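Trainee: Return a 3D structure for these sequence lines:
(one chain, ligands or ions: 1)
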Amino acid sequence: MIARMATNPLPQFPPGFLWGVSTSAHQIEGAADERDPSVWDAFTAEPGRIKDGSTAEVACDHYHRYPEDVALLAGLGVDAYRFSVSWPRVNSPGGLDFYDRLVDELCAADVRPVPTLFHWDLPLELDWMSRDTAARFADHAAVVAERLGDRVKKWITLNEPAEHTLLGHALGAHAPGRRLLFDALPVAHHQLLAHGLAVRALRAAGADDIGIANSHGPTWAASRRTEDVEAADFYDVLLNRLFADPLLLGRYPEGIGELLPGDVESDLKVIAEPLDWYGVNYYQPTKVGAPEGAEIEFSGLTLPADLPFSVRELEGYPVTDFGWPVVPEALTELLVGLRERYGDRLPPVVITENGCSYEGIDDQERIAFLDGHLRALHRALEQGVDVRGYFVWSLMDNFEWAEGYARRFGLVHVDYDTLERTPKASYAWLRDALRTQARR
Ligand code: FCB
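Mentor: Numbering: from 1, shown residues only. The predicted model follows:
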């Protein structure tokens, strides 16, 4: 038995608060030969793209081992499981059958299925630079809802369109590997439009519990100098407002709409379809200052010298094995800030991802991370933010995109040679913490 870090019991979260864990299809499923290819397969095949040279062809082999993984979820005692539906798999013969089986298995284990309809693994023949992809996504949503809607009640349209735009299309660090910088803006708009059309398709199929998972993090200006504050505001627009403003306010931040092609005004009506809840993925705050005229290496990315901001090292905090600063109090700040910014337009919030990468099975750092972030989340509740749920990223170690298997975010360790699953200390900690919650 692994030694557990003694922590005081967590404060009580409201009855009905939804406790869950998250994964995504490409990162865990494997069985790549049993589905159509995605942009991630093509990207991974390009030499040098994935740091450890690995692929997601097998990953955690969840496709074949899902009963064991559902048993791990049941043992953890979570209410809900957020997974993603691979669009290329849905397009393949028999592909939807897999999600049918998975959803049945989850229901039998009394774990609510919460599918995300797109978590970055775009079918290879599609392209977010094309407006048509938005309509295709709505068709995909309708197909999945038709098959799973009798058992799935809670839906997520997109995962982190901001990261997918930035990393995949602006900076080229993720699939499809384009480095378009600000010319990537149509990718943002088309994903937003896809989201709105999918909300309509899901509603037409009877869904009434729909959200999106957006990445957010406080942006901290490097100093009070006007140049630094302006640069931080600009970064804040890109990360925190480019997607949230159209979704929640029905308009783009100043200066953005003009850069987009097409009839943006009428698209915005679709994009701002009311949501039942708003998903927030939180990992870290970012310190930003005025441009320094040089390329910057940041979190595995190369940021060009001519951006109107520069991302700075955030000193004075512990960091995860990924080098990400651990700042739980920034989660409170973020949620209170979102409520201040959007007021009544902000639907109830669900934390759809939060977690950290550390090596080892006796992962006391992960326990401290989760404990700290749950307390910070509770402080946001005390300050009146309507938060309805919290999902840990991730159930198990998995293929961390361009980092390959080098980053371990799981509550469950995966041995990539044998595919054996071993619950870590944090798994036992979360299970026990949930037992101290009144729950329903
Ligand atoms: C998020 C992604 C998720 C995972 C975590 C660590 O940005 O949504 O797939 O990679 O980061």
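Trainee: what's the nearest residue to residue 212 if we skip its chain neighbours?
Mentor: Excluding its sequence neighbours, the residue lying closest to residue 212 (CB to CB, 6 or more residues apart in numbering) is residue 157, at 5.1 Å. (Glycine included, C-beta is placed from N, CA and C.)
Trainee: mind checking how far the one you found is from residue 271?
Mentor: Using CB to CB, to the nearest Å, residue 157 is found at 11 Å from residue 271.
Trainee: And residue 422, by the same measure?
Mentor: For residue 422, the distance to residue 271 - CB to CB - is 43 Å.
Trainee: more neighbours, those two?
Mentor: Shown here are residue 422 and residue 271; by other CB atoms under 10 Å, residue 271 has more neighbours (25 against 14).
Trainee: Looks like that one contacts residue 194 (just checking).
Mentor: No - counting by CB atoms under 8 Å, residue 271 does not reach residue 194; the two are 9.4 Å apart.
Trainee: tell me the phi and psi of residue 37?
Mentor: Dihedral pair for residue 37: phi -80, psi 160, per degrees, to the nearest 10.
Trainee: helices and strands around the helix or strand encompassing the residue nearest to residue 212, which ones?
Mentor: According to DSSP states H and E, residue 157 maps onto strand 155-159. Secondary-structure packing of strand 155-159 (3 or more CB pairs under 8 Å, 6 or more residues apart in numbering; DSSP states H and E): strand 112-118, helix 185-204, strand 210-216.
Trainee: Is any residue of the second one near the ligand?
Mentor: Read it as helix 185-204. No - between helix 185-204 and the ligand, judged by CB under 6 Å from any ligand atom, nothing touches; the nearest distance is 13.7 Å.
Trainee: which parts of that helix are buried?
Mentor: Within helix 185-204, the residues that count as buried by 16 or more other CB atoms under 10 Å are 185-199, 201-202.
Trainee: How about the residues of the stretch 1-150 of the chain by the ligand?
Mentor: Close to the ligand, as judged by CB under 6 Å from any ligand atom, the stretch 1-150 of the chain has residues residue 24.
Trainee: swap the cut-off to 8 Å and go again
Mentor: 22, 24, 27, 119, 120 (CB under 8 Å from any ligand atom).
Trainee: which residues in the stretch 1-150 of the chain form strands?
Mentor: Secondary structure of the stretch 1-150 of the chain by DSSP state E, counting those that start in this stretch: the strands cover 18-22, 80-84, 112-118.
Trainee: what is the mean pLDDT for stretch 247-267?
Mentor: On average, the pLDDT along stretch 247-267 is 93.
Trainee: Can you give the contact residues for that stretch?
Mentor: 131, 182, 185-186, 189, 192-193, 195-196, 212, 214, 237, 241-242, 245-246, 268-269, 271-272, 275, 278, 342, 345-346 (CB atoms under 8 Å, 6 or more residues apart in numbering).
Trainee: hmm, try it at 6 Å
Mentor: If you take CB atoms under 6 Å, 6 or more residues apart in numbering as the criterion, stretch 247-267 is touched by 185, 189, 193, 237, 241, 245, 246, 268, 272, 342, 345.
Trainee: what does the stretch 201-350 of the chain have sitting close to the ligand?
Mentor: Residues of the stretch 201-350 of the chain lying near the ligand (CB under 8 Å from any ligand atom): 213, 215, 281, 283, 322.
Trainee: neighbours around the residue nearest to residue 127 when sequence neighbours are not counted, how many?
Mentor: Excluding its sequence neighbours, the residue lying closest to residue 127 (CB to CB, 6+ apart) is residue 133, at 6.3 Å. Residue 133 sits with 19 neighbouring residues when counted by other CB under 10 Å.
Trainee: Surely residue 133 and residue 125 touch.
Mentor: No - using CB atoms under 6 Å, residue 133 makes no contact with residue 125, being 10.1 Å away.
Trainee: Residue 265: neighbour count?
Mentor: Residue 265, neighbours per other CB under 10 Å, totals 10.
Trainee: could you dump the helix or strand in which it is found to CSV, C-alpha only?
Mentor: Assessed by DSSP H and E, residue 265 sits inside helix 264-271. C-alpha atoms of helix 264-271 as CSV (Å, rounded to 0.1, in the frame of the first residue of the first chain):
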residue,chain,number,x,y,z
VAL,A,264,-19.3,37.6,-39.2
GLU,A,265,-22.4,39.3,-37.7
SER,A,266,-24.8,36.6,-38.8
ASP,A,267,-22.3,33.9,-37.7
LEU,A,268,-22.2,35.5,-34.3
LYS,A,269,-25.8,34.8,-33.8
VAL,A,270,-25.1,31.1,-34.3
ILE,A,271,-22.0,31.2,-32.1
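Trainee: Which SSE is immediately downstream of that helix?
Mentor: strand 278-282.
Trainee: what stretches of the chain score poorly on pLDDT?
Mentor: For the chain, residues meeting the criterion pLDDT under 70 lie at 1-7, 440.
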